[in-house]
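Q: sequence and computational prediction follow.
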Amino acid sequence: MSELPVQDVVHTGEGAAVVVPLAEYRRLRELEERMADSEDEAALREYQQRKTAGTAELVPHEEVKRKLGLPST
C-alpha cells in the first residue's frame, strides 16, 4: 500500500493522530471495505464447499458460549 501524504500530526497523549486529505481517507476506507467483503466472500465459499462435501460441522450457540466461557441465556 502506498504511503498517505501526511498533512499534520496531532499528539493525543496515548498516541498520535494524523491529518490526511479527505479524498485519501475515503480511498483508504473504500479499500478496507472491499478487503473485508472479499474475506467474507472467501469464508462463505469455503463453508459452502465444506457443506457440499459433507464435512461442515455445526456447533450449537450454547456450546460455543460455554467453550468461550460466556454466560448462557
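A: That came in fine, so what should we check first?
Q: now do stretch 32-40, average pLDDT.
A: For stretch 32-40, mean pLDDT rounds to 94.
Q: and Glu39, that's in a helix?
A: Yes: judged by DSSP: H, G, I helix; E, B strand; the rest coil, Glu39 forms part of a helix.
Q: need the contact list for Pro71.
A: Neighbour list for Pro71: Lys65 [criterion: CB atoms under 8 Å, 6 or more residues apart in numbering]. Where you see a C-beta, it was placed from the backbone N, CA and C, and this is true even at glycine.
Q: could you do Glu62 as well?
A: Glu62 touches Ser72, counting by CB under 8 Å, 6+ apart.
Q: quick one: the strands in this protein, in order.
A: Here the chain has its strands, by DSSP state E, at 8-11, 16-19.
Q: residue contacts, Leu58?
A: Applying CB under 8 Å, 6+ apart, no residues contact Leu58.
Q: and it, how far from Glu30?
A: As defined by CB to CB, to the nearest Å, Leu58 lies at a distance of 35 Å from Glu30.
Q: what of Arg45?
A: Arg45 sits 22 Å away from Glu30, going by CB to CB.
Q: and if you look at Glu39?
A: Counting by CB to CB, the gap from Glu39 to Glu30 is 15 Å.
Q: low-confidence ranges, the protein, go.
A: 1-7, 9-11 (pLDDT under 70).
Q: one more time with 50, if that's ok
A: Across the chain, the ranges flagged by pLDDT under 50 are 1.
Q: nearest the middle, which residue of it would you pick?
A: For the chain, the residue lying nearest the average C-alpha position, counting by CA atoms, centre = their mean, turns out to be Ala36 (5.4 Å).
Q: so who does that residue touch?
A: So Ala36 contacts nothing (CB under 8 Å, 6+ apart).
Q: now do the one 10 residues further on
A: Glu46 makes no contacts at all, as judged by CB under 8 Å, 6+ apart.
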